[in-house]
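Trainee: sequence? don't have it. structure:
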Ligand SMILES: O=C(CO)[C@H](O)[C@H](O)COP(=O)(O)O
Ligand SMILES: [Fe+2]
């Protein structure tokens with residue numbers, strides 16, 4: 001995986017048809033998705049249950065881009081090797097998921113994955129300063145984690161702007177996750193985000209039989225975000 005700071009759209013398969021993940025993933029990639037975002041929830045760290053390593057391993061052969069695995073689980077460490085072996089390119093753990101995030105990030109890199117650090121909407125960025133050499137991606141949650149289809153939390157715009165200033169020239173992605181639409185994407189792109197996760201806004205109105213709708217939805221988010229970054233240049 002080469003680092004680049006261009007806008008990347010990462011559809012969350014939380015909003016896909018669970019009965020046909022292989023076909024859904026092939027459809028979104030054919031329609032312009034840059035990464036595939038996989039939301040792992042444990043019914044404990046967040047009040048919802050989704051996928052584990054076997055599902056990740058099953059969908060891996062269908063992903064030609066980047067498998068971006070968002071771990072909303074606690075504890076994290078006992079499961080890192082299983083998700084790495086399932087083929088994750090990026091493993092993102094929450095700062096709030098345990099007392100030893102530094103160790104967790106070390107273990108993720110040790111397992112051969114890029115290391116992501118996610119922050120809930122109520123979490124500040126002070127701790128991130130001490131982890132900058134440990135992370136490849138910082139995920140700012142723009143909803144409270146656990147469900148797709150929630151409303152974007154505007155207070156996270158300033159957080160992204162502060163993070164972008166803190167990161168400087170370091171090769172670290174800023175990912176935003178939750179409530180991203182063609183209306184909210186430009187606010188975050190202008191603040192400095194480069195990876196835009198979108199579930200409902202990508203999958204709405206489409207299906208594997210109507211994949212062109214996925215393409216229209218992805219292009220609408222990308223165009224709005226790119227217009228915002230071009231206006232800054
Ligand atoms: O991590 C998540 C929820 O915890 C999802 O990635 C996120 O909610 C994406 O879905 P939507 O775009 O519908 O908000
Ligand atoms: Fe997510």
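Mentor: Great, that's in hand. This is a predicted model, so every value here is computed, not measured. Ligands and ions are numbered 1, 2, ... in the order given.

Trainee: tell me the residue of the protein that sits nearest ligand 1?
Mentor: residue 199 (2.9 Å; CB to the nearest ligand atom). Any C-beta I mention is one placed from the backbone N, CA and C, and that applies to glycine too.

Trainee: on contacts alone, who are the packing partners of the helix or strand hosting residue 230?
Mentor: Counting by DSSP states H and E, the element that carries residue 230 is helix 211-232. Helix 211-232 is packed against strand 8-11, helix 21-30, helix 185-191, strand 195-198, helix 200-203, with contacts defined by 3 or more CB pairs under 8 Å, 6 or more residues apart in numbering; DSSP states H and E.

Trainee: is it anywhere near ligand 1?
Mentor: No: using CB under 6 Å from any ligand atom, helix 211-232 never reaches ligand 1; the gap is at least 9.9 Å.

Trainee: before we move on, the earlier item: what is the burial count for the residue of the chain closest to ligand 1?
Mentor: 24 (other CB atoms under 10 Å).

Trainee: what's the answer for residue 165, then?
Mentor: Residue 165, neighbours per other CB under 10 Å, totals 10.

Trainee: with residue 184 instead?
Mentor: 25.

Trainee: residue contacts, it?
Mentor: By CB atoms under 8 Å, 6 or more residues apart in numbering, the contact set of residue 184 is 142, 152.

Trainee: for the spatially closest residue to residue 84 that is not a sequence neighbour, give me its contacts.
Mentor: Nearest-residue entry for residue 84: residue 111, 3.7 Å, with adjacent residues in sequence omitted and distances by CB to CB, 6 or more residues apart in numbering. Taking CB under 8 Å, 6+ apart, we find residue 111 in contact with 80, 81, 84, 91.
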